[in-house]
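1. Kindly return the folded structure for what I paste below:
(one chain, ligands or ions: 1)
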Amino acid sequence: MSATRVLAFNSSPHAPAGATATILDPFLDGMRAADAEVELLFPHKLDIKPCLGCLACWTRTPGRCVQDDAMRGVLAALARADIVVYGTPLCVDGMNAQMKVVLDRSIPLLRPFFVEREGHCRHDRREGCSGGRVALVSMSGFTELDNFDPLVAHLRAASANMGREFAGALLRPYANSLDELARAGVPVADVYNACREAGGQLVRDGSMSPETLGRVSRELVPRDQYIRAVNVHFRQALERRGVSPEIWDRFPGH
Ligand SMILES: Cc1cc2nc3c(=O)[nH]c(=O)nc-3n(C[C@H](O)[C@H](O)[C@H](O)COP(=O)(O)O)c2cc1C
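-> Sure thing, here's the model as predicted:
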């Protein structure tokens with residue numbers, strides 16, 4: 001049997017470093033350990049222009065975008081992938097712009113015709129495009145898990161429209177703090193282990209256990225303690241730069 005083909009994105013502008021990578025990378029390691037072939041792309045390092053909205057990919061040049069940029073190779077990889085992993089920092093309550101451009105530019109994979117599926121208007125995938133599964137990996141600065149609700153709902157809907165099954169999400173609040181907490185002696189190894197386990201489960205079983213995903217998201221420190229630490233961090237950053245308290249809160253205008 002051929003290996004499961006995984007196409008993963010990390011759309012953070014900090015990638016390959018940054019907070020998203022801290023949970024995406026062990027997730028992908030778990031997939032590799034389960035013998036998957038994993039390709040990881042960094043959209044902000046690729047020349048991928050925004051969709052022009054011309055719909056030529058549905059009419060004049062079926063299956064082909066008129067823009068000759070890096071998305072051509074990404075589309076070929078998407079068409080082959082058994083599992084697609086969208087890794088994005090939570091950005092203004094959704095995926096970030098680089099990730100959204102990849103989603104928008106994915107419509108050449110679909111046929112233009114409307115069909116009815118499960119009580120919804122959908123498109124069918126073109127022949128030669130695999131279905132398979134989608135997983136979301138995201139980091140947020142805020143602490144509450146419900147901050148991810150709009151993003152999860154968005155990718156779940158987009159997966160249905162792309163004819164793929166949404167297999168679940170690795171959601172990690174308190175971005176940036178994971179490595180810092182580890183250095184401060186807070187035990188976080190189980191979070192990384194849960195990411196690895198989830199990767200193995202998705203490749204082997206086609207699903208991820210709610211218990212494992214719960215460990216990825218588990219509370220690390222009480223919320224009020226985290227809020228205090230974040231505010232100390234920003235206050236010190238302003239003071240280090242010599243910004244006086246009188247102008248901290250003022251929008252400078254133009
Ligand atoms: C422009 C911008 C918007 C953000 N919006 C949110 C947000 O709506 N909710 C939230 O919890 N965190 C938000 N964050 C914090 C990021 O989610 C967090 O810093 C991120 O997970 C860092 O990941 P990275 O290092 O991989 O880029 C935002 C960060 C930026 C730069």
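2. Spell out which parts of this structure neighbour the ligand.
-> 12, 14, 18-20, 89-93, 139-142, 147, 175-176 (CB under 6 Å from any ligand atom). For glycine as for every other residue, the C-beta is placed from the backbone atoms N, C-alpha and C.
3. from these, which ones fall inside strands?
-> Judged by DSSP state E, the subset of the residues of the chain next to the ligand located in strands is 89, 139.
4. Give the buried subset of the residues of the chain next to the ligand as a PyMOL selection command.
-> In PyMOL, a selection of the buried entries from those looks like this (16 or more other CB atoms under 10 Å):
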select buried, resi 12+18+19+20+89+90+91+139+140+142+147+175+176
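5. Which of the residues of the chain next to the ligand fall in helices?
-> Per DSSP state H, helices hold the following members of the residues of the chain next to the ligand: 19, 20.
6. Point out where the chain drops to low pLDDT.
-> By pLDDT under 70, the weakly predicted segments of the chain are 254.
7. now the strands for it?
-> In the chain, the strands defined using DSSP E lie at 5-10, 37-41, 83-89, 115-117, 120-122, 133-139, 165-172.
8. Just list the residues touching residue 20, thanks.
-> Residue 20 makes contact with 10, 11, 12, 14, 87, 88, 89, 137, 138, 139, 175, according to CB atoms under 8 Å, 6 or more residues apart in numbering.
9. for residue 58, same thing?
-> Counting by CB under 8 Å, 6+ apart, the residues that residue 58 touches are 107, 108, 110, 111, 112.
10. What is the burial count for the third one?
-> Put plainly, it is residue 110. Using other CB atoms under 10 Å, residue 110 has 19 neighbouring residues.
11. Now do it against residue 34, distance only.
-> Distance of residue 110 to residue 34, computed by CB to CB, to the nearest Å: 29 Å.
12. Next: the last one.
-> For residue 112, the distance to residue 34 equals 37 Å [CB to CB].
13. and if you look at the first one?
-> Between residue 107 and residue 34 the computed distance is 31 Å (CB to CB).
14. Over to the fourth one?
-> Look at residue 111 and residue 34: by CB to CB, they are 33 Å apart.
15. Now do the contacts for whatever residue of the stretch 151-254 of the chain ends up closest to the ligand.
-> Closest contact between the stretch 151-254 of the chain and the ligand, by CB to the nearest ligand atom, is at residue 175 (3.4 Å). Under the criterion of CB under 8 Å, 6+ apart, the neighbours of residue 175 are 19, 20, 89, 90, 139, 140, 141.
16. Between all of these, which two are at the greatest distance?
-> Using CB to CB, the contacts of residue 175 span at most 11.8 Å, a distance reached by 20 and 141.
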